[in-house]
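K.L.:
any chance you could fold what I've pasted below:
(2 chains)
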Amino acid sequence: MERTAVRRRLNWQLATVAELIDETQRVRTIALDLPDWSGHRAGQHVDVRLTADDGYQAQRSYSIASAPEEHQLMLTVERLDDGEVSPYLVDELRVGDKLEMRGPIGGYFVWEAELGGPLQLIAGGSGVVPLRSMLRHRDAIGSTVPAKLLYSARSLPDLIYREEILRAEHGGVDVSLTLTQERPERWHGYARRIDRDLLAEVCWPPTKQPRVYVCGPTAFVETAASTLVALGHDPGRIRTERFGPSGS
Amino acid sequence: MTTSRGFRGRRRVDADPARVPPGQYVTSDFPVLSAGPTPHTPLADWTFTIRGEVDAPLSWTWDELRALPSETFTVDIHCVTKWSKLGTTWTGVSLDTLLDGVETSAEFVYAFCDGGYTTNLPLEDVTGGQAWIAYEYDGEPVEPQHGGPARLLVPHLYFWKSAKWVRGIELRNYDEPGFWERYGYHSYGDPWKEQRYAGD
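P.N.:
Take a look at the predicted model:
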């Protein structure tokens, strides 16, 4: 959906950390109270800016994890081993701290129920964050748009929003999980990196003309997107959000 | 200015701060941030076209483009997603070479690409040694994920203006927002003025 109307400037504002939720060993959700939040669309992100005592600043972008209908804005952040900002957000930040941020940003990787479906969400690791915003939005407004989620993670303890994802089946979302490094005993899901057979088995077929959103590390997204195109999906109906090093 | 309690940051000592625009961090990696699947056009089908406010459209096949005088040059690049990569080496044909002899009243260009990507720029920002059609990065063909076989390269602006998989430019008398510009990003995109989003 294009918005060509003049927008007001995205000003920096000071949010207060209201709650911190540990999702996994390296992932934390930050719930924020904001004085002047104009709302967002599922899939958008915010820019966060940190300032050290000597004035040094660092900025990074983080996907919004909460639905537009929720009262608190939530970000979910994964600690990168060599990160500059993420270790601070995951390990140091405390309830009551102030966090400078601006947004919402991004008008392409968004989904709202009016866009219709069927919806195909494909997440690699912390790529699940903006997709959860979409699922929570779908749930909040009681949408009946058919939806499938394919989520790839290293192991069960690394599955972000685990309880919520497992409950999503009851909310009418067809969930497929694949654990690439470690599995619990009696694991009934997939146990490998995504490939053509896996995608062909769990995704909507091209004849259904799904709206596809893929998010995760760039190598994961590249594999998913190119394989879906090879399976016959219209490239114009596949939206991607990538992060992390390219490896090249 | 608000300080973030307990934040120390990590100042990179090997990068000249004068080369790093506000809000950016230096990476030695080369992130990929495309909005959709990577297009793949066979070189036999590839052309670059200049059309719009010109007497007649000009077009080059891949072989014809590669036969033009080219330059190898090293520039810093700055992505709106905050990463900067210093000292990147490219080989390509200058837009000045492609526009040589082209008469136009146009003030703007609209770059169009395989996969449907577009971006808009003032004509004066892609001339005078500021822009190239680049087909080699670091001595190797530009990889498809990075915009190969050829991408527009306009290093003085945020890197979304350096359109991947470029197939041509349309010369225009009016300025129309391209892909990211329609989705909330700044129309011009000067990293030194931190013009990331509309209204900045």
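K.L.:
what about the longest strand along chain A and chain B, any contact?
P.N.:
Determined from DSSP state E, the single longest strand within chain A is strand A:13-24. Yes. Strand A:13-24 comes into contact with chain B (CB under 8 Å from any CB of the partner chain), by way of A:Leu14. No exception for glycine: its C-beta is placed from N, CA and C like everyone else's.
K.L.:
now that strand: buried residues?
P.N.:
Using 16 or more other CB atoms under 10 Å in any protein chain shown as the burial criterion, the residues of strand A:13-24 that qualify are A:15, A:17, A:23-24.
K.L.:
in a helix, A:Met74, correct?
P.N.:
No. Judged by DSSP: H, G, I helix; E, B strand; the rest coil, A:Met74 forms no part of a helix; its state is strand.
K.L.:
how about the contacts made by the spatially closest residue to A:Glu169 that is not a sequence neighbour?
P.N.:
Residue nearest to A:Glu169 in three dimensions, not counting chain neighbours: A:Val175, with 5.3 Å by CB to CB, 6 or more residues apart in numbering or on different chains. A:Val175 makes contacts with A:148-149, A:151, A:165-166, A:168-169, as judged by CB atoms under 8 Å, 6 or more residues apart in numbering or on different chains.
K.L.:
what does B:Ser70 give?
P.N.:
B:91-93.
K.L.:
chain A versus the residue nearest to the spatial centre of chain B, what's the distance?
P.N.:
Nearest to the mean C-alpha position of chain B, counting by CA atoms, centre = their mean, stands B:Ser162 at 1.1 Å. The spacing between B:Ser162 and chain A, counted by CB to the nearest CB, to the nearest Å, is 16 Å.
K.L.:
isn't that residue up against B:Val154?
P.N.:
Yes. Counting by CB atoms under 8 Å, B:Val154 is a contact partner of B:Ser162 at 5.3 Å.
K.L.:
check what pLDDT B:Arg10 gets.
P.N.:
Looking at B:Arg10, its pLDDT reads 88.
K.L.:
that one: neighbour count?
P.N.:
Per other CB atoms under 10 Å in any protein chain shown, the neighbour tally for B:Arg10 reads 14.
K.L.:
before we move on, back to that, quick check: the farthest pair among the contacts of A:Val175?
P.N.:
Maximum pairwise distance among the contacts of A:Val175 (CB to CB): 15.0 Å, between A:Lys148 and A:Leu166.
K.L.:
so the two - more neighbours on which side?
P.N.:
A:Lys148 (20 against 12).
K.L.:
assign that one to helix, strand or coil.
P.N.:
Strictly by three-state DSSP, A:Lys148 counts as strand.
K.L.:
do I have it right that B:Gly168 meets B:Ile50?
P.N.:
Yes. If you go by CB under 8 Å, B:Gly168 and B:Ile50 touch, sitting 6.4 Å apart.
K.L.:
overlap of the contact sets of these two?
P.N.:
In contact with both B:Gly168 and B:Ile50: B:Ser59, using CB under 8 Å, 6+ apart.
K.L.:
quick check: nearest residue in space to A:Leu14, chain neighbours excluded?
P.N.:
A:Lys98 (5.0 Å).
K.L.:
oh, I was asking about B:Gly199
P.N.:
Closest to B:Gly199 by CB to CB, 6+ apart is A:Arg9, at 3.4 Å.
K.L.:
what about B:Gly184, how many neighbours?
P.N.:
So B:Gly184, with other CB under 10 Å, has 21 neighbours.
K.L.:
just checking, it touches A:Ile105?
P.N.:
Yes. Between B:Gly184 and A:Ile105 a contact is recorded at 6.4 Å, counting by CB under 8 Å.
K.L.:
which neighbours do those two share?
P.N.:
In terms of CB under 8 Å, 6+ apart, B:Gly184 and A:Ile105 are both contacted by the residues B:Tyr197.
K.L.:
so B:Asp53 sits against B:Leu123, correct?
P.N.:
Let me fix one detail, which is that residue B:53 is Glu and not Asp. No. The criterion here is CB under 8 Å, and B:Glu53 misses it with B:Leu123 at 9.6 Å.
K.L.:
common neighbours of the two, please.
P.N.:
B:104, B:106, B:171.
K.L.:
same list, the residues you listed, but only the ones touching chain A.
P.N.:
Filtered for proximity to chain A (CB under 8 Å from any CB), the shared contacts of B:Glu53 and B:Leu123 leave an empty set.
K.L.:
out of the residues you listed, which is nearest to A:Val212?
P.N.:
For those, the nearest to A:Val212 is B:Leu171 (35.1 Å; CB to CB).
K.L.:
low-confidence stretches in chain B?
P.N.:
Under the criterion pLDDT under 70, no range of chain B is flagged.
K.L.:
buried ones in the biggest strand by length in it?
P.N.:
Longest strand of chain B, by residue count under DSSP E: strand B:83-94. Going by neighbour count (16+ other CB under 10 Å), the buried part of strand B:83-94 is B:83-86, B:88, B:90-94.
K.L.:
what does stretch B:193-200 give?
P.N.:
Those would be B:194-198, B:200, for stretch B:193-200 by 16+ other CB under 10 Å.
K.L.:
contacts made by it with the rest, please.
P.N.:
With contacts defined as CB under 8 Å, 6+ apart, stretch B:193-200 is touched by A:6-10, A:47, A:105, B:21-23, B:80, B:158, B:181, B:184-189.
K.L.:
measure the residue in chain A sticking out farthest from the centre to B:Phe7 for me?
P.N.:
Largest separation from the mean C-alpha position in chain A: A:Asp54, at 33.2 Å (CA atoms, centre = their mean). The spacing between A:Asp54 and B:Phe7, counted by CB to CB, to the nearest Å, is 11 Å.
K.L.:
just for chain A, where's the confidence low?
P.N.:
A:1-8, A:245-248.
K.L.:
now do 80
P.N.:
Within chain A, the ranges that satisfy pLDDT under 80 run A:1-8, A:170, A:244-248.
K.L.:
can you pull out the helices in it?
P.N.:
A:86-87, A:128-140, A:162-168, A:196-202, A:218-230 (DSSP state H).
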